[in-house]
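In: mind folding the following:
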Amino acid sequence: MGSPEHSVIEVHELRTCASYDLPTAAVADEKYLAYHHLSSEEAQRRLVAAADEVLATHKVEVRNGATVAIVKQSTILTAIAAAGLIAFFITAMVQSSPYQWRATGALVEAGFLLVLLVWNIWLQIREARLTTMEMSMRIQSIVEPLRKYGLSRKQDLKIPTSIATVSLCRVVRDQTVLTLPFNLIVLDDIVQLAYGDTAPCKVRYVNSHFDTAPAAEGSDQYVLEKGQIFRPTLFSAAPADPTILRRAALNEGQFHFRALETPLKDTLSKALGFKRPETVVLRQFAVLADWYFTRLMWGILAISLLINAFRFGIRNTSDSRKLQQGVEYLIVMQIYVILPLLPLVLPTLFMIIRSYGNAQILSLFDALQTSKTEFEDQEDIDEFDMAPPPTKDLVLDWGLVWKRFLDQFVHVDVSFLARTTGLVASLASTTVICAIDREGTISLPTPSVEQLFFFDTDGDSVVLDVAGDTAGHAVKFEDRDWQEHLASLKPLGLNLLLNTDCGARQGRNRLEHHRKSNGHQHHGRVRPSRQACLCQLGREIGFSADAMRLFALQKTIHCFAPYHWNVTKVPDYHFEIPSFLSQIFQETSSQTFQLFSEGTVELILESCSDFWNGKNLDTIDEAALKKITDFCQNALINDAQVVAYAYRPIENTKKSAPFLLSRPGTARPESIYIESPAPGSIPGSFPVINISPSLSASNLFPDDPQPHQQQQQQQQPLSPPPPPSSASSTGSASPSDGKKKQPRKKFLNNVDRVRQPAAVDEKQLVSELVKGQTFLSMASLAYQPKANVADFIEDLGVGGIRFVYFSSAPERESKAYAERLGLEIDWNSCILLSSANGDTPGYLEEHDMKAKLPRGVDKIRDHLRDVDDVPLHVSLFAECEPASINEMVRIFQEQGEVVCCIGSSLNEMNVECFSLADVAIAIDPLSALKSRNHPPTGPLSPLSLGAAFASSPCAFSLHSDTSIYSLSQIIRDARTISDSGRQSIAFYLGCQTSLPFIMIIASCLLLPPVFSGYQLLWLMWVILPPLALSFLFSPYDPNVMTRMPAKNSDHLKDKWRFVMYFLARFIGPIVITVAVFAVALAEFTDETQLTTTQIFGGFGNSSWMNLTNREQWALLYAQNCALFVWVVLMVAISASFLHRTESLRKRPPYHNRVWVITSIGCIALQAIFMTVSLAPQGVYSLSVLRWWAYVIALAAAPAVILAVQEVIKVHDRREWEKFQKRSKLEFNTKLGMHSPL
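Out: Have a look, this model is predicted:
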């Protein structure tokens, strides 16, 4: 590779660094930090080259490992059959006298067989090639628009995000910082990371201004692996450069790393490197093919050969005539017997069924994405019965369905991975739906407020519950007496509305769930709760837009403490950098300045000495701290995140007013970044308070309170300033009303000191401004499931699909969220996938310990083998990493589960799991991705491109606002199509299997062939396929989503039962067809003085090669009569095959209009075929047949046979219901060997 094309970026000191008291010269030396970085053009070239490299490697691997089994038993037999028919034609041309017409038919039949053989070989090679190359073709379809149009520099997200399921990072290109998905980073990119960010790939800290190519050379110092969280301990593990921390503070908490790899290579390798399990349908067909196309076919061939060899041996003819019939008896007769059993039509039939199912599912999917109607429950369901999931009543555009059907043949549509996923079969057979993440997929992208904590006038803590409607996005207090605490809530309401930038201050009322755009998380990792906008709660408290217009934002302060001693003790799930965001407002009416803050509890408490109780200020003593801590502990255990709120008026503003006001000419208020310089707390504040969930309340306070006491002694108590005026709210009470019970002490700062002799430096002033605040309240926020998710999970259980959630959180937090989903959280409900030698304590509940549940994914297989199958019945797995999730998916599949994975389309860690699952469905976590499936016409959106790469192994993607019930409706239609397709194949196989038995029974009765070869091909290619395919248009079964699906193991265990069903269903048509043939042959050969009994062995007694013209016509007439009757009987049987278990009374066949038209059409086609075969030169009339023959064959026989079909369905229904009961019992039972009951 040539020398990289780098540019140089200059990072300027644009903001104040108040935490470092550095000499001016030192700051000047660090003012320009130069890093060589890539241009956008070079980065795009490297990205395309990386994708091309992976695709080229994959093509070589596929080419070297691809083997298509063209030479099969059926292929060999087909070629031999064609050769045998040609041999018969040649023999007949030489020896027959008069010429036997059927010899010409044999030549035509041989030609058809050769054409079908070539067609099937080509189709097999094509499908095998497309299956192996489908994933690479899909990735190629993503790369080509990138190669053609390039990558847009326009940023998709106006609001930066800290959502865990969105893998984004900041990259320096073209002297600009861009926000890009992980998989769009390339080798040598400069990546900006703040403490707490996740490394997008293997990166190394850039510790030199002129670090030009560290990816090729350099030490391994300060290296982060892909997926590793960037903690401050990275620099403490080795002697740190003293300038590292100074540079980070100068750049507002940003550290620069150079990418040591191109993560897209890993993404595409994972997408291409795994093979999904075969679908249930394919494995069932493999078992059927082993029995049908090998054992049955060879068995029937052997029986037929023995019978016809015996017939050939006992014929009482001369030796010369006997030899003339040898080819026909010993070769042709066997060819006609096995001809219906050869898989000449099934490959094409399978492909048509699959393509139609895919086209219908995709059309339905698009209709569900665009439809604005609501999902509705069925009206005729009793309230005590199991109700299927609600659906939308949609009418599909059949033109679109037909277009997508053809696209799979002509244009080879790879947008939904029909071949590698087995889309319809996998969806229909799904037994487990695994949610591998939550934010933006099964939950709202940001947490919602659940509780508010504050103090009342007596100093007691008050907790109010807040309810949010995920559909209407309304926020309401659940406590009816909440307005009694209005005096305590007003400062919080004002804080919530002022500390946001969603337009609330301008009167905009946003009802949807939205985030703040303050960019606070760019300086260090903060929990998503800090980005959730609670403006609706502020309005609920009573503030209006008019009140907001009285305040003008002047300054924004971002305060971070990355070296806080508590940071090193927090696990990854709870990790964040202690911080708070303060905003300084000027009240236009009084020209006073007020500071509002929100942030982590630790830092807010360190900045506060008092709390607001609704009337006045009280000192935060140890009792108040314990109440605060208890609330935080309870919130953390319940998987909630806590945000603290504070306030202070800025007094003595004469000297600070020039600094507090925004600088003239600035478009936006100035932002200031300050940082705690060393482990510990903000100078002059409370000792650090640890609220880690692993510690009890007694461990939260240091034993030595002297620093606190000494500082209180040094400060002068002044009258407490009131919280912000609430006159602008809907209430009238002022928070400063009421008498003081006693003098209050607060932590003062230099800004508040009236007798300050000298002006305060601006850097020092910022640090002093954030001290001495008043604690207002705390809010606990938690992730809430999206609308209908909990009901969706419950409905899945009714349909035999287990919902499994893989949580990265510890056990208690996972159970808390699982309870919101409606999952069970009692005994045997949660398994930890982390190793037993990890940092977590393991199972916390006593019943889980007694149950001896496995700990760690490496113990699951041993537990399943030696103990019980509880891990297969659990819906919650905690402490999960991507590797353990992938392994658990493999375990599910090994146990016969069909796994459907759902996850974020922008989560880079999901790619491997998407590739492993039987079928994967991506969910877009952001609304900005809604248009990503549209054909590109210009530079590509980075967000859409990253999502396309990450979700490349997925069948399709759901929009962020699409109801999860769309998935259940897609599964419903997939089950309907799969059941109809299975019945279609069963009907076709049953019909074609009856034909060899007809031929064998005729041979046993010493009759000539009932059907000729071309007649068999006519039935197999013209009559039966349309009749079988019409099954696909059956209306959906309303109970299909209340049935248990079969697992992907132990297929066709009761195959002998189905053999008996076949015999019972088709023995009638077989006997009747042979009888009609014999009677018709006897009637039409009356002139030859052969009685009915003499037909058996007497027809063509001298030699079949010497049949007279009238004998040949008699045989042709009899064959056509048998052919027509057989078609009528098969049409009658097909009415019963439309549904496997339901009777004709419950499921009338006329509901399937396509079947009705096709049935009439098949009978009409057979009548035309018969007319064309007999009418031109026929020497007989059908009127010679007796009237009772018509009545029996065309009326009585179909009625009796149809009644037999219904009786057999009754027995099959009983067995099916037994299977359903056993499956439901197994599905709903999770009692293990060591269960407490």
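In: and stretch 281-300, how far apart are its ends?
Out: Chord length of stretch 281-300, first to last residue, is 26 Å (Cα to Cα, to the nearest Å).
In: any idea of the mean pLDDT in that stretch?
Out: For stretch 281-300, the mean per-residue pLDDT is 88.
In: same question, stretch 596-606
Out: In this model, stretch 596-606 has an average pLDDT of 92.
In: G493 reaches L534, doesn't it?
Out: No. With contact defined as Cβ atoms under 8 Å, G493 does not count as touching L534 (9.4 Å). Every residue, glycine included, has its C-beta placed from N, CA and C.
In: quick one: low-confidence parts of the stretch 851-1000 of the chain?
Out: Filtered on pLDDT under 70, the stretch 851-1000 of the chain yields the residue ranges 851.
In: let's go with 50 and repeat that
Out: For the stretch 851-1000 of the chain, applying pLDDT under 50 flags no range at all.
In: where do the helices sit along it?
Out: Under the criterion DSSP state H, counting those that start in this stretch, the stretch 851-1000 of the chain contains helices at 860-866, 882-894, 911-916, 942-950, 965-1004.
In: possible to save those as TSV with mean neighbour count and distance to L553?
Out: As requested, the helices of the stretch 851-1000 of the chain are arranged in TSV below (neighbours: other Cβ atoms under 10 Å; distance: least, Cβ to Cβ, whole Å):
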stretch	mean neighbour count	distance to L553
helix 860-866	15	54
helix 882-894	20	42
helix 911-916	25	42
helix 942-950	26	29
helix 965-1004	22	42
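In: now those helices as CSV including distance to Y356?
Out: What follows is the helices of the stretch 851-1000 of the chain, written out as CSV (distance: least, Cβ to Cβ, whole Å):
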stretch, distance to Y356
helix 860-866, 39
helix 882-894, 27
helix 911-916, 26
helix 942-950, 27
helix 965-1004, 8
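In: wait, which of those helices is closest to A640?
Out: Distance to A640, taken as Cβ to Cβ, is lowest for helix 882-894 among the helices of the stretch 851-1000 of the chain, at 24.0 Å.
In: packing partners of the closest one?
Out: strand 432-435, helix 860-866, strand 876-878, strand 899-904, helix 911-916 (3 or more Cβ pairs under 8 Å, 6 or more residues apart in numbering; DSSP states H and E).
In: which stretch among the ones you listed comes nearest Q228?
Out: The closest of those to Q228 is helix 911-916. By Cβ to Cβ, the value is 17.1 Å.
In: what lies in contact with the closest one?
Out: Contact with helix 911-916 is made by 267, 270-274, 276, 434, 436, 882, 885-886, 889-890, 893, 899, 901, 903, 920, 922, 950-954, as judged by Cβ atoms under 8 Å, 6 or more residues apart in numbering.
In: show the buried residues in the residues you listed.
Out: Buried by 16 or more other Cβ atoms under 10 Å: 267, 270-272, 274, 276, 434, 436, 882, 885-886, 889-890, 893, 899, 901, 903, 920, 922, 950-954, out of those.
In: quick check: domain ranges of this protein?
Out: 423-442+785-836+851-968, 448-503+515-677+763-782, 1063-1224 (the TED database).
In: of those domains, which stretch is the most buried?
Out: For the domains of the chain, average neighbour numbers computed from mean count of other Cβ atoms under 10 Å are highest in domain 423-442+785-836+851-968, which has a mean of 22.
In: end to end on that one, go ahead and measure it.
Out: The first and final residues of domain 423-442+785-836+851-968 sit 14 Å from each other (Cα to Cα).
In: got it, and stretch 902-922?
Out: Terminal-residue distance, stretch 902-922 (Cα to Cα): 6 Å.
In: distance between that stretch and the chain's centre?
Out: How far stretch 902-922 lies from its chain's middle: 6 Å, per Cα atoms, centre = their mean, to the nearest Å.
In: picking up where we left off before, what's the closest of the helices of the stretch 851-1000 of the chain to Q73?
Out: Closest among the helices of the stretch 851-1000 of the chain, using Cβ to Cβ: helix 965-1004, at 16.1 Å.
In: what's next to the next helix or strand after the closest one, contact-wise?
Out: With elements assigned by DSSP states H and E, the helix or strand that comes after helix 965-1004 is helix 1013-1018. Helix 1013-1018 is touched from outside by 85, 105-106, 108-109, 112, 335-336, 339-340, 995, 1119, 1123, 1169, with contacts defined as Cβ under 8 Å, 6+ apart.
In: from memory G1068 sits against V1204, does it?
Out: Yes. At 6.1 Å, G1068 counts as touching V1204 under the criterion of Cβ under 8 Å.
In: ok, S835 - contacts?
Out: Contact analysis of S835 by Cβ under 8 Å, 6+ apart lists 855-856, 858.
In: again, 10 Å this time
Out: Residues near S835 by Cβ atoms under 10 Å, 6 or more residues apart in numbering: 855-859, 879, 881, 884.
In: returning to that earlier point: what sits in contact with each of G493 and L534?
Out: Common neighbours of G493 and L534 (criterion: Cβ under 10 Å, 6+ apart): E540.
In: any low-confidence regions in the protein?
Out: Using pLDDT under 50, the flagged stretches of the chain are 1-34, 209-210, 212-218, 679-748, 751-759, 1236-1237.
In: before we move on, the earlier item: which of the helices of the stretch 851-1000 of the chain sits closest to F409?
Out: F409 lies closest, by Cβ to Cβ, to one member of those: helix 965-1004, at 17.6 Å.
In: and that closest one, how far from the chain's centre?
Out: Computed by Cα atoms, centre = their mean, the chain-centroid distance of helix 965-1004 equals 30 Å.
In: before we move on, what about stretch 121-133?
Out: 27 Å.
In: can I get it in CSV? Just the C-alpha atoms.
Out: Extracted in CSV, the C-alpha atoms of stretch 121-133 (Å, rounded to 0.1, in the frame of the first residue of the first chain):
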residue,chain,number,x,y,z
ILE,A,121,-29.5,-30.1,-13.3
TRP,A,122,-29.3,-26.4,-14.3
LEU,A,123,-31.8,-25.4,-11.6
GLN,A,124,-29.8,-27.4,-9.0
ILE,A,125,-26.5,-25.8,-9.9
ARG,A,126,-28.1,-22.3,-10.1
GLU,A,127,-29.8,-22.6,-6.7
ALA,A,128,-26.6,-24.0,-5.1
ARG,A,129,-24.6,-21.1,-6.6
LEU,A,130,-27.1,-18.5,-5.6
THR,A,131,-27.4,-19.9,-2.1
THR,A,132,-23.7,-19.8,-1.5
MET,A,133,-23.3,-16.4,-3.0
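In: flag every buried residue along that stretch.
Out: Quick answer for stretch 121-133 (16+ other Cβ under 10 Å): 121, 124, 127-128, 130, 132-133.
In: can you give the contact residues for that stretch?
Out: Outside stretch 121-133, the residues that touch it by Cβ under 10 Å, 6+ apart are 55, 58-59, 61-63, 65-72, 75, 78, 137, 140, 275, 347-348, 350-351, 354, 408-409, 412, 414, 417-420, 422.
In: okay but K852 is in contact with V867, surely?
Out: Yes. Applying Cβ atoms under 10 Å as the test, K852 and V867 come out as touching, 7.3 Å apart.
In: I121 sits in which helix or strand?
Out: For I121, the host element (DSSP H and E) is helix 101-149.
In: show me where the stretch 401-550 of the chain has its helices.
Out: Under DSSP H, counting those that start in this stretch, the stretch 401-550 of the chain gives helices at 418-421, 423-429, 486-498, 535-541, 545-548.
In: quick one: distance of the last one to the chain centre.
Out: For helix 545-548, the distance from its own C-alpha centre to the chain's C-alpha centre is 44 Å (Cα atoms, centre = their mean).
In: report all helices and strands that that helix contacts.
Out: When contacts are defined as 3 or more Cβ pairs under 10 Å, 6 or more residues apart in numbering; DSSP states H and E, helix 545-548 sits against helix 486-498, helix 535-541.
In: in TSV, list those along with distance to I1163.
Out: Below are the helices and strands packed on helix 545-548 laid out as TSV (distance: least, Cβ to Cβ, whole Å):
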stretch	distance to I1163
helix 486-498	75
helix 535-541	67
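In: between those, which one is closest to L958.
Out: helix 535-541 (26.1 Å).
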